[in-house]
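Undergrad: need a structure here:
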Amino acid sequence: MVTISCSSLSTNLTVTPVPKSHKQLHIQNPLNSSLKSLSKSGKLDEALHLLLQSKTPSKQLSVDSYAALLHACISTKSLSHGRSLYLHLLQSEDNINLLKNPTLKSKFITLFSACGQLDEARRAFRHGIEEGGDVPESVYAAMAIGFSRNGSFREALVVYNEMLLRGVEPGNFSFSVALKASSRALDCRFGKCVHAQIVKAGEEPDQVVYNALLKFYTECGSFEEVLTVFDNMPDRNVATWNALVAGFVKKDQVFEAFETFRKMQRNEVGFSWVSLTTVLPVCARLTALYIGKEVHGQIVKSVASPDVLVLNSLLDMYAKCGVMEYCKKVFNGMISKDLMSWNTLINGYAINGLMADAVSTFEQMVEDGIKPDGVTFISLLSGCSHAGMVNEGKIFFNRMRSDFGLNPTLEHYACLVDMFGRAGRIEEALEIVKKMPLKPSGSVWGSLLNSCRLYGHVSLAEAIAKLLFEIEPTNPGNYVMLSNIYANAAMWDKVNLVREEMEKKGLKKEAGCSWVQIKDRVQSFVAGGGFEFRNSNEFKRTWDELMEKMEESGYRADTGVVLHDIDEEMKVEWVCGHSERLATVFALVHTGSGLPIRVTKNLRVCADCHNWMKYVSEVSRRKIILRDTNRFHHFDQGKCSCNDYW
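TA: This next block holds a predicted model:
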């Protein structure tokens, strides 16, 4: 046996103290690792049972263990487990102070607000806050986000304000939260104050804050500020560009929106699905088919699969550009479809006058187990109205309640009244209005007034107009329609009275405007405008050749559509200046022969322009697709898809 003396080692051996943290590792409660493991595995019942039944003093558990359990509760939105944990900590004298811990407090607030329990979230937020002490920015931000998530944007701003009053310095996280709440609350003054704080803050704004600023100024309509923020940003991501595109759209600067989208592509920024769902509705609105096809090309080339929202926007774009074969092709290629997908296809068929396809799509939808909603039936009823399908429309109206348990709304009754009125069955339409269980709205009476215009019922129109002037005193359309009814009856004194009344009330008739896309530009015309083009040699040559051929084919101008007390020669000149004619001639000049012409008008096409378009399609051998405020008209070889019923 060999014995070694400690003294012999004293010169070489150094005793190093064990760090406190290392000592804790040896005595660490094994419950910590068990809780974390169970929480990460999503075994909340076992984790909570282990915690509540353990005889180990809870104060030996780390904050990380509780945080892991709470994180799992948030991920699964398990309100019951979160409540049990909160109650456990509240009732334990050793652990009640844990409810003041910023990390746990923020997570409790997040859990309760995510589950829609704002009172509980507020209670967790308020616990111990009045006792003073340091409450960090993250806690206030969590409560503000909780309010915003549940639509209480004003309360979110109150929390932000309270944070400032308590002397807590806001950072980028709080700035972005406050700006988003200001946007949703449309509180421009508060948001601008937040912007001032951002400018004064020592911390440089991050990308999220800049994007929130863009969104805020876009919502407030302060587009000059949007451009200023965008120009001053050190970095721009896809969300930044999306905000700028959305800003242009909101300001109705649709061409700038298109150009910004193209600039994104040129700068190789890429795009998100949000980019496309912002641009596609603009294409649909302007009937900008070529730009819409560009976007479709981007979707096809994308590595990621488009979501249902993007494809629904694509469906809507093709439907509202009058290209139902593409719309149907996209629909058939969709792996998953929702109710909006079916509604978009049905509405597309209806507005393009393809009611047989609309009805068969509806029946297929029901057969596939998709329950229709009110929007479905508005498309069907409106389509039946414009196609003169009164009996079919009545059946659909009755099926709403009997087959699908849907109660008709005022919009459905307006469609029903319009359907009977357009068919000349005005007494039946009036009877529907009298017996409907809802108080008739302006849209219901407006449908009936339009029927009076179609069939010249002056006395009934006067009575309906009187009601409409009370219901919708600032709607110029009702005054214009009554004026047109008087003009059709050559009651010029009354026409003047209506126009004087409009002038007295400051109401103006909407000017007729039409537009057509040529290559990558959309050219617009107003009624009686386009002087530069009308005075050009190319216009005069095309117009003269066109009119000569049309008159040989039997066209004669119907000056009855000019509702002004002027001479016949002036009426002919007036009707020739309608905006849809200018747009059509412009397309004839600037597009190749054989290509279809797509024109969009903001008002209903008049009878003579409708007839004129039929003759143009015949003599030019060009298809003309005209979309007016009500529906599509597909002109081909002297005929229209509406069969002259619109």
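Undergrad: Going by C-alpha atoms from here, please, whenever you check contacts or count neighbours.
TA: Will do.
Undergrad: Give me the contacts around stretch 97-111.
TA: 63, 66-67, 70-71, 73-74, 77, 79, 82, 86, 89-90, 120-122, 124-125, 127-129, 135-136, 138-139, 142-143, 146 (CA atoms under 8 Å, 6 or more residues apart in numbering).
Undergrad: Mind giving me the ChimeraX command for buried ones among those residues?
TA: Selection of buried members from these for ChimeraX, criterion 16 or more other CA atoms under 10 Å:
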select :66,67,70,71,73,74,77,79,82,86,89,120,121,122,124,125,128,135,138,139,142,143,146
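Undergrad: which ones among the contacts of stretch 97-111 are found in strands?
TA: Applying DSSP state E to these, no entry is found in strands.
Undergrad: Count the residues that sit near residue 527.
TA: 18 (other CA atoms under 10 Å).
Undergrad: pretty sure it contacts residue 512?
TA: Yes: in this structure, residue 527 is within contact of residue 512 by CA atoms under 8 Å, at 5.4 Å.
Undergrad: shared neighbours of the two, anything?
TA: Common neighbours of residue 527 and residue 512, using CA under 8 Å, 6+ apart, are 578, 579.
Undergrad: Alpha carbons of stretch 313-320, as PDB, please.
TA: Provided in PDB are the C-alpha atoms of stretch 313-320 (Å, rounded to 0.1, in the frame of the first residue of the first chain):
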ATOM      1  CA  SER A 313     -58.300  36.500 -57.900                       C
ATOM      2  CA  LEU A 314     -57.100  35.000 -61.200                       C
ATOM      3  CA  LEU A 315     -60.600  33.500 -61.800                       C
ATOM      4  CA  ASP A 316     -62.200  36.900 -61.100                       C
ATOM      5  CA  MET A 317     -59.800  38.600 -63.500                       C
ATOM      6  CA  TYR A 318     -60.500  36.300 -66.400                       C
ATOM      7  CA  ALA A 319     -64.300  36.500 -65.700                       C
ATOM      8  CA  LYS A 320     -64.300  40.300 -65.600                       C
END
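Undergrad: for the record, mean pLDDT for it?
TA: For stretch 313-320, mean pLDDT is 96.
Undergrad: Can you tell me what sits against that stretch?
TA: Residues contacting stretch 313-320 (CA under 8 Å, 6+ apart): 277, 280-281, 283-285, 287, 289, 292, 296, 324, 326-328, 330-331, 341, 344-345, 347-349, 352.
Undergrad: ChimeraX command for the buried members of those residues?
TA: Only the buried members of the contacts of stretch 313-320 enter the following ChimeraX selection, criterion being 16+ other CA under 10 Å:
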select :277,280,281,283,284,287,289,292,296,324,327,328,330,331,341,344,345,347,348,349,352
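Undergrad: what's around the nearest residue to residue 631 once chain neighbours are set aside, how many residues?
TA: With sequence-adjacent residues excluded and distances taken as CA to CA, 6 or more residues apart in numbering, residue 631 is closest to residue 351, at 4.9 Å. Using other CA under 10 Å, residue 351 has 25 neighbouring residues.
Undergrad: Which positions within stretch 99-109 qualify as buried?
TA: Within stretch 99-109, the residues scored as buried using 16+ other CA under 10 Å are 99, 100, 102, 103, 104, 105, 106, 107, 108, 109.
Undergrad: helix, strand or coil for residue 525?
TA: For residue 525, the assignment made with DSSP: H, G, I helix; E, B strand; the rest coil gives strand.
Undergrad: So what sits opposite it in the bridge?
TA: Residues in a beta bridge with residue 525, per DSSP bridges, are residue 514.
Undergrad: dump the residue contacts of it.
TA: With contacts defined as CA under 8 Å, 6+ apart, residue 525 is in contact with 513, 514, 515, 579, 580, 582, 583.
Undergrad: 6 Å instead, please
TA: Residues counted as contacts of residue 525 (CA atoms under 6 Å, 6 or more residues apart in numbering) are 513, 514, 579.
Undergrad: Residue 160: which element?
TA: For residue 160, the host element (DSSP states H and E) is helix 153-165.
Undergrad: Past that helix, which element shows up next along the chain?
TA: Proceeding N to C from helix 153-165, the next assigned helix or strand is helix 172-185, under DSSP H and E.
Undergrad: Helices - which of the contacts of stretch 313-320 land there?
TA: Those of the contacts of stretch 313-320 mapping onto helices are 277, 280-281, 283-285, 289, 292, 296, 324, 326-328, 330-331, 341, 344-345, 347-349, per DSSP state H.
Undergrad: what about the chain, any weak spots by pLDDT?
TA: Along the chain, the parts satisfying pLDDT under 70 run over 1-29, 54-60, 93-96, 132-133, 559-575.
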